[in-house]
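Turn this into a model:
(one chain, ligands or ions: 1)
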Amino acid sequence: MKHYSAFAIAREALRGHTGWERAWRKATPKKKYDVVIVGAGGHGLATAYYLGKNHGIKNVAIIEKGWLGGGNTGRNTTIIRSNYLQDPSAAIYEKARSLYETLSQDLNYNIMFSPRGVLMLAQTEHEARGYKRTAHANALQGVDTEFVSPERVKELCPIIELSGPRYPVLGALWQARAGTARHDAVAWGYARACSDMGMDIIQKCEVTGVRSDNGQVSGVETSQGSIDCDKLCIVVAGHSGHLAEMAGFRLPVESVALQAMVSEPIKPCMDVVVMANTVHGYMSQSDKGEMVIGGGADGYNNYTQRGSFHHIEETVRALIETFPMISRLKMLRQWGGIVDMTGDRSPIISTTPLGNCFINCGWGTGGFKAIPGSGWATAEMVAKGEPGPLAAEFGLNRFREGRFIDESVAAGVAH
Ligand SMILES: Cc1cc2nc3c(=O)[nH]c(=O)nc-3n(C[C@H](O)[C@H](O)[C@H](O)COP(=O)(O)OP(=O)(O)OC[C@H]3O[C@@H](n4cnc5c(N)ncnc54)[C@H](O)[C@@H]3O)c2cc1C
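As a prediction, the model looks like this:
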């Protein structure tokens, strides 16, 4: 694969952009792979990438029923942060955030990581106490966050209204090296690097069944035929329950639609991300100038990948309280993605009751930020057959043993 560089851009500009290669090969399934990964979202692709990079396992297929990055990875609002409360969460999210810092160089693909800082507003005394506690926990975990005053919030985000009609801003949890990245580019960058290592990314290929032999996985049935494999890793977010059923086990997850929307582009007015959990809305400004706005999750299980009017109304109302100057903005688009929610709002990175079948799911409303760390940890588990230190606490057995990793505060607003 040719290296992207300033020199390559200049060379291609001079010859009419005729020399660019396809970013990844179009692959057709082989009869057998060492590892089959189901789902070419960010987590599936990152798992494949670190399997090759960290463990030298490259006979890998990533099977995707639609197009790569077309699930939640291409539908999210791209907030990256690691200010979680519990130690296992802080460790994996901070690993991911720190990998994001150099991911563009690592992949030789500009993922547009923008560490512009994230403010999580405290708008009740209870929330303020919760975020102060998180800031203290983060200090012990080596995650750089602080609880800041309302005045500092206004300094960081001048368009904010501190004394909203319902809830005043009492302070915020501030993580200066948190931010955003271009979601498609994360998927595309990993895909290009996987293809470059000789892995097959097979799009428009739906997995319809999981085959096993004596309690060990032996392959998958797909819309493009049977594929054998030594190991299988299921990474399909909102569709995890279906794949688990094919593999013969049940998961403690629920699938719901989570929504977002984007406004018309306007001049730069906000260079941080603001999350307002109490009124329930969050916003950042894209490089194009659009205001990227996160809405809520449906209160019932469903698989509809689209937005709905009541969420637009609720979210816009919350944001106008927080940022009155956006009240005359026109909204351009709204959409939804199917997210997989666990009871403790923490992910599952686990072995399963089927031998050599692994699962990565349950990232719910907040898994984009975790992609590099999750891929790193899942690849280690698949390569070694058991979870390493980053994934050890996120096993399925925690639900049986009551070892929940409660992140309902950190995951409070749908992000
Ligand atoms: C509106 C919205 C906003 C969000 N905002 C944020 C945010 O700001 N920050 C954050 O950190 N997270 C956010 N998230 C969550 C984040 O997007 C997800 O946690 C993350 O993208 C999950 O990645 P994934 O690779 O696991 O899943 P996906 O990207 O959904 O990939 C799974 C893939 O599996 C494929 N698949 C499913 N079934 C099959 C099958 N049978 N055979 C083959 N392939 C199959 C799907 O087509 C899909 O492409 C948001 C989500 C949504 C919907």
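
For the stretch 101-250 of the chain, which residues are neighbours of the ligand?
Counting by Cβ under 6 Å from any ligand atom, the residues of the stretch 101-250 of the chain close to the ligand are 206-207, 235-237, 239, 243. Heads up, the C-betas are built off the backbone N, CA and C, glycines and all.

Could you list which of those residues belong to helices?
Leu243 (DSSP state H).

In strands, which of the residues of the stretch 101-250 of the chain next to the ligand fall?
Using DSSP state E, the members of these that fall within strands are Val207.

Stretch 390-410: end-to-end distance?
19 Å (Cα to Cα, to the nearest Å).

ok, back up a step: most neighbours, which of the residues of the stretch 101-250 of the chain next to the ligand?
Val235 (29 neighbours; other Cβ atoms under 10 Å).

circling back to that earlier point, which single one of the residues of the stretch 101-250 of the chain next to the ligand is nearest to Ile160?
Distances from Ile160 to these, taken as Cβ to Cβ, are shortest for Ala237 (32.1 Å).

on that earlier part again, just name the closest of the residues of the stretch 101-250 of the chain next to the ligand to Asp228, please.
Closest approach between these and Asp228, by Cβ to Cβ: Val207, at 13.3 Å.

Spell out which parts of the stretch 251-400 of the chain neighbour the ligand.
Going by Cβ under 6 Å from any ligand atom, the residues of the stretch 251-400 of the chain near the ligand are 258-260, 294, 337, 339, 363, 365-369.

Adding pLDDT, write the residues of the stretch 101-250 of the chain next to the ligand out as a markdown table.
Converted to a markdown table, these look like this (pLDDT from 0 to 100):
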| residue | pLDDT |
| --- | --- |
| Glu206 | 98 |
| Val207 | 98 |
| Val235 | 98 |
| Val236 | 98 |
| Ala237 | 98 |
| His239 | 97 |
| Leu243 | 98 |
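
Please identify which of the residues of the stretch 101-250 of the chain next to the ligand is nearest to Tyr282.
Ranked by distance to Tyr282 (Cβ to Cβ), those are led by Ala237 at 20.1 Å.

Tell me which residues touch that closest one, please.
By Cβ atoms under 8 Å, 6 or more residues apart in numbering, the contact set of Ala237 is 39, 41, 43, 71-72, 337-340, 361, 363, 367.

These in helices, which ones?
Counting by DSSP H, the contacts of Ala237 place His43 in helices.

Using the three-state scheme, assign Gln334.
strand (DSSP: H, G, I helix; E, B strand; the rest coil).

pLDDT score for the residue lying closest to it once chain neighbours are set aside?
Nearest non-adjacent residue to Gln334, counting by Cβ to Cβ, 6 or more residues apart in numbering: Gly307, 3.5 Å away. Gly307 is assigned a predicted lDDT (pLDDT) of 81.

do the same with Asn277
In this model, Asn277 carries a pLDDT of 89.

and it, how far is that from the ligand?
13 Å (Cβ to the nearest ligand atom, to the nearest Å).

What of Asp344?
Asp344 is 15 Å from the ligand, where distance means Cβ to the nearest ligand atom.

buried residues in the longest helix seen in the chain?
Ordering each helix of the chain by length in residues (DSSP H) puts helix 125-141 first. Buried residues in helix 125-141, counting neighbours by 16 or more other Cβ atoms under 10 Å, are found at 127-128, 130-131, 134-135, 137-138, 141.

roughly how far is it from the heart of the chain?
With Cα atoms, centre = their mean, to the nearest Å as the basis, helix 125-141 stands 23 Å off its chain's centre.

hmm, who's touching the following helix or strand past that helix?
Heading C-terminal from helix 125-141, the first helix or strand you meet, by DSSP states H and E, is strand 146-148. Applying Cβ under 8 Å, 6+ apart, the contact partners of strand 146-148 are 119, 122, 128, 131-132, 135, 156, 171-174.

which residues of the stretch 151-300 of the chain fall in helices?
183-196, 240-247 (DSSP state H, counting those that start in this stretch).

quick one: Ala48 and Val60 touch, right?
Yes. At 5.1 Å, Ala48 counts as touching Val60 under the criterion of Cβ atoms under 8 Å.

In contact with Asn83, which residues?
If you count contacts by Cβ under 8 Å, 6+ apart, Asn83 has them with 90, 118, 120, 134-135, 138, 143, 145, 173, 175, 178, 410.

swap the cut-off to 6 Å and go again
Taking Cβ atoms under 6 Å, 6 or more residues apart in numbering, we find Asn83 in contact with 134, 138, 145, 173, 175.

Of all pairs in these, which one is the farthest apart?
Every pair of the contacts of Asn83 checked by Cβ to Cβ; the farthest is Thr134 and Gln175, at 9.9 Å.

Who are the packing partners of the host helix or strand of Ile312?
In this structure, Ile312 sits in helix 309-322 according to DSSP H and E. If contacts are counted by 3 or more Cβ pairs under 6 Å, 6 or more residues apart in numbering; DSSP states H and E, helix 309-322 sits against strand 281-285, strand 290-297.

Show me how the record splits the chain into domains.
20-79+183-252+344-401, 108-181+254-342 (automatic domain parsing).

for these, which one ends up most surrounded?
Stretch with highest mean neighbour count among these: domain 20-79+183-252+344-401 (a mean of 21; mean count of other Cβ atoms under 10 Å).

Reformat the helices and strands packed on helix 309-322 as a markdown table; add mean pLDDT.
Formatted as a markdown table, these follow (pLDDT from 0 to 100):
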| stretch | mean pLDDT |
| --- | --- |
| strand 281-285 | 95 |
| strand 290-297 | 92 |
